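Asker: Return a 3D structure for these sequence lines:
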Amino acid sequence: MSDASTQTLGFQTEVKQLLHLMVHSLYSNKEIFLRELISNASDACDKLRYAALSNDALYEGDAELQVKILFDKEARQVRILDNGIGMSRQQVIDHLGTIAKSGTAEFLSQLTGDQKRDSHLIGQFGVGFYSSFIVADKVEVLTRAAGTSASEGVHWISQGDGEFTISTCERTPKGTEIILHLKADEAEFADGFRLRHLVRKYSDHIAVPVLMEKEHLGEEEDAPQTPEFESVNQAQALWTRPRTEVQEEEYQEFYKHVSHDFADPLTWSHNKVEGKLEYTSLLYIPGKAPFDLYNREGVRGLKLYVQRVFIMDQAEHFLPMYLRFVKGIVDSNDLSLNVSREILQQDPNISSMKTALTKRVLDMLAKLATQDAEKYAQFWDEFGNVLKEGPAEDYANREKIAKLLRFASTHDNQAKARHSLEDYIGRMREGQNKIYYLSAEKHTTALHSPHLEIFRRKGIEVLLLSERVDEWMMSHLTEFDGKKFVDISKGDLDLGDIQDEEEKKAQEETEKQFAPLVERVKEVLKEDVDQVRTTHRLTDSPACVVLPEHEMGLQMRKIMEAAGQKMPEVKPIFELNPQHPLVARLDQEQDEERFAEFAHLLLEQAQLAEGASLEDPAAFVQRMNKLLLSLM
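Answerer: Residues are numbered from 1 along each chain as shown. Have a look, this model is predicted:
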């Protein structure tokens, strides 16, 4: 090889950090390196099988795809070879020198050095190849892309110390060979029995055979001169086996293979459909959210196989966007082997499969919620805000999705969202026919909102919404089980049959009695509010602000403004509580200047209580100071 073909390059900064953290965070689970490397080798074989559908020459006369594991105890070496798709020089640089993933910075910022926690985070990010350096102090990669000449082989070497060397070499076989030079204290992995055990433990489900050299008992001279290899895994796609023959541990390991996650899934569903459409699906709900979960443009979707032939990763056409966290595979007998993403968009069978797979995922979640509340709570904490996108995106399944939603509530005042809508309905007061909720920027803001006062007095439960997506979700979720949702911070408050005739009559009399006060306040605040009226919402606060019924809420306005959308001005409705001493004092004030100051102060207090920003904070401070000085 010529010197010109050899380069020493530095790892991307994130890779350097990752290598250090992996070596120091995963040492108690170091055996997973073999699972990750075999999974990568299996993927390379799958990709070659698919590419060869349109170009059979890529097999180069070697169509028996397989993974081989060789070891040398004395040299402390383990070699993993595959005859799959291989890599070009640029692909090696791109795949082994950088992490081209969204969320990298966030991922690294969350790593803490805590071994157990970091191992889960690293697993979510999916960086299998780099696990080599947990057990090896030097790693070599020899590879050649299928369909290229032997002179285009690539040799990559690194000691995981911040840089790698890459050179061009002669390489006859296609595919990839990884050579691990084990650390002195990791010699246990250069042992045939140990390696066989790990293959059967972690990679039994791999659809390509994983071969190891037969080990012969007795005298060495009895061993054959030519090495004999045998498959040490079942080499049968797990999803093609009957469910009754698959162990729970096998399902869990297959999940780690398809997701490159280190943690077990929360639940899964293995299903074979026969009839007009024939396909098999194996769907998993992860235990942890990936770092790019909220990137709607990121890669997502299921692994697609057609008649057990791998077609593509991240086939996003089989599940809606709000279920993008689901991992797994779908294997169809009704699609063409040369199917592409463009064809998937036009195939009517895909729509039918998407409908059925969506229903299956929602049923999985409903079953999990019923049978294991603790696991469902874990799911909700990780993926709840994504599921909230469902009512807007999937009209046909709105009721199913609504049953899966969880809310914080005045039932226990806890910030954790744990109450279902069915729970809420089961606790509704006699005569109540609406589901009441309140949106705010923070849970504490909602919890202490003046709007809750009348509901607390009457013992009516209110759902407390404080996530950014909540108000948008509620604009698409108008009712549940025949009961309308009502935002208690908007429009006229109608408690229906819960409010008796005496209360309604007393309210009318209050309106008449304090009509002059309302007119005075309306005149003073005419530039700031749409209207002024007496309230029956409040029991302890002097005043509150209310939005018109069909206006966008404060949270949604903030989101739109943050996105650069210019929002029209909306003046609130100002409601006064005549039973409060401050409002009574306001009514008695004869000095019009002091009356105006006092009225503005009550309005600004009400706006602050809702979490709004004041138009002129300095003026509020001056009014407050003036009032305090008058009391001294």
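Asker: Next one: Val258 from Tyr251, what distance?
Answerer: Computed as Cβ to Cβ, to the nearest Å, the Val258 to Tyr251 distance reads 11 Å. In short, each C-beta sits where N, CA and C put it, glycine included.
Asker: can you list the weak-confidence ranges in this structure?
Answerer: Within the chain, the segments meeting pLDDT under 70 span 1-4, 12-18, 20-28, 97-127, 216-225, 298-299, 338, 340-342, 632.
Asker: longest helix anywhere in it?
Answerer: helix 348-371 (DSSP state H).
Asker: which helices and strands sit right next to that one?
Answerer: Applying 3 or more Cβ pairs under 8 Å, 6 or more residues apart in numbering; DSSP states H and E, one finds that helix 348-371 contacts strand 267-273, strand 279-285, strand 327-332, helix 373-387, helix 398-404.
Asker: tell me which element Val92 falls in.
Answerer: For Val92, the host element (DSSP states H and E) is helix 89-97.
Asker: What separation is there between Glu604 and Val545?
Answerer: 10 Å.
Asker: And Asn233, by the same measure?
Answerer: As for Asn233, its distance to Val545 is 66 Å (criterion: Cβ to Cβ).
Asker: more crowded one of these two?
Answerer: Ranked by neighbour count (other Cβ atoms under 10 Å), Asn233 and Val545 place Val545 first, with 25 against 21.
Asker: Could you verify that that one is part of a helix?
Answerer: No: using DSSP: H, G, I helix; E, B strand; the rest coil, the assignment for Val545 is strand, not a helix.
Asker: since we're on the residue nearest to it when sequence neighbours are not counted, how many residues are nearby?
Answerer: Closest residue to Val545 apart from its sequence neighbours, by Cβ to Cβ, 6 or more residues apart in numbering: Pro572 at 4.0 Å. By the criterion of other Cβ under 10 Å, Pro572 has 23 neighbours.
Asker: Likewise for Asp191?
Answerer: Residues near Asp191, counting by other Cβ under 10 Å: 13.
Asker: Help me confirm that it comes into contact with Lys73.
Answerer: Yes: the criterion here is Cβ atoms under 8 Å, and Asp191 meets it with Lys73 at 6.7 Å.
Asker: From Cys169, how far out is the residue lying closest to Leu554 once chain neighbours are set aside?
Answerer: Nearest residue to Leu554, sequence neighbours excluded (Cβ to Cβ, 6+ apart): Ala612, at 5.9 Å. From Ala612 over to Cys169 the distance is 67 Å, taken as Cβ to Cβ.
Asker: now His550
Answerer: Per Cβ to Cβ, His550 is found 70 Å from Cys169.
Asker: Tell me which of the two has more neighbours.
Answerer: Taking other Cβ under 10 Å, His550 and Cys169 do not tie; Cys169 has more neighbours (16 against 7).
Asker: can you pull the contacts of that one?
Answerer: By Cβ atoms under 8 Å, 6 or more residues apart in numbering, the contact list for Cys169 reads 1, 142, 153-155.
Asker: Equivalent analysis for Glu248, please.
Answerer: The contact partners of Glu248, by Cβ under 8 Å, 6+ apart, come to none.
Asker: Backbone dihedrals for it, please?
Answerer: According to degrees, to the nearest 10, the main-chain angles of Glu248 amount to phi -60, psi -40.
Asker: what's the answer for Ala408, then?
Answerer: Backbone torsions for Ala408, taken as degrees, to the nearest 10, come to phi -80, psi 160.
Asker: and if you look at Lys566?
Answerer: Backbone torsions of Lys566, given as degrees, to the nearest 10, read phi -80, psi 120.
Asker: Ser231 contacts Leu211, doesn't it?
Answerer: Yes: counting by Cβ under 8 Å, Ser231 touches Leu211, with 5.8 Å between them.
Asker: Who has more neighbours out of those two?
Answerer: The neighbour comparison of Ser231 against Leu211 (other Cβ under 10 Å) goes to Leu211, with 20 against 14.
Asker: circling back: surely the residue nearest to Val545 and Leu525 touch.
Answerer: No: when contacts are counted by Cβ under 8 Å, Pro572 is not listed as touching Leu525 (10.1 Å).
Asker: Which neighbours do these two have in common?
Answerer: With Cβ under 8 Å, 6+ apart, Pro572 and Leu525 have no common neighbours.
Asker: For Arg594, see how far away Glu604 is.
Answerer: According to Cβ to Cβ, Glu604 stands 16 Å off from Arg594.
Asker: more crowded one of those two?
Answerer: Glu604 (23 against 14).
Asker: Skipping its backbone neighbours, what lies nearest that one in space?
Answerer: Closest residue to Glu604 apart from its sequence neighbours, by Cβ to Cβ, 6+ apart: Phe620 at 4.7 Å.
Asker: what's the burial count for that neighbour?
Answerer: Residues near Phe620, counting by other Cβ under 10 Å, number 18.
Asker: now do Leu586
Answerer: Neighbour number of Leu586 under other Cβ under 10 Å is 22.
Asker: which SSE is the closest residue in space to Gly459 that isn't next to it in sequence in?
Answerer: Leaving aside its chain neighbours, Gly459 sits nearest to Arg429 (6.4 Å; criterion: Cβ to Cβ, 6+ apart). Assigned by DSSP H and E, Arg429 belongs to neither a helix nor a strand.
Asker: For Arg429, give me its contacts.
Answerer: Listed by Cβ under 8 Å, 6+ apart, the contact set of Arg429 reads 458-460, 498.
Asker: Need the residues you listed in TSV (columns: distance to Ile425, neighbour count and secondary structure).
Answerer: Listed next are those as TSV, based on distance: Cβ to Cβ, whole Å; neighbours: other Cβ atoms under 10 Å; DSSP: H, G, I helix; E, B strand; the rest coil:
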residue	distance to Ile425	neighbour count	secondary structure
Lys458	17	14	helix
Gly459	15	10	coil
Ile460	13	19	coil
Ile498	15	19	helix
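Asker: Identify, from those, the entry nearest to Tyr59.
Answerer: Among the contacts of Arg429, Ile460 lies closest to Tyr59 (Cβ to Cβ), at 70.3 Å.
Asker: The closest one: what's its closest spatial neighbour, skipping adjacent residues?
Answerer: Using Cβ to Cβ, 6+ apart, the nearest residue to Ile460 is Arg429, at 5.8 Å.
Asker: if I look at Gly553, how far off is Arg594?
Answerer: From Gly553 over to Arg594 the distance is 34 Å, taken as Cβ to Cβ.
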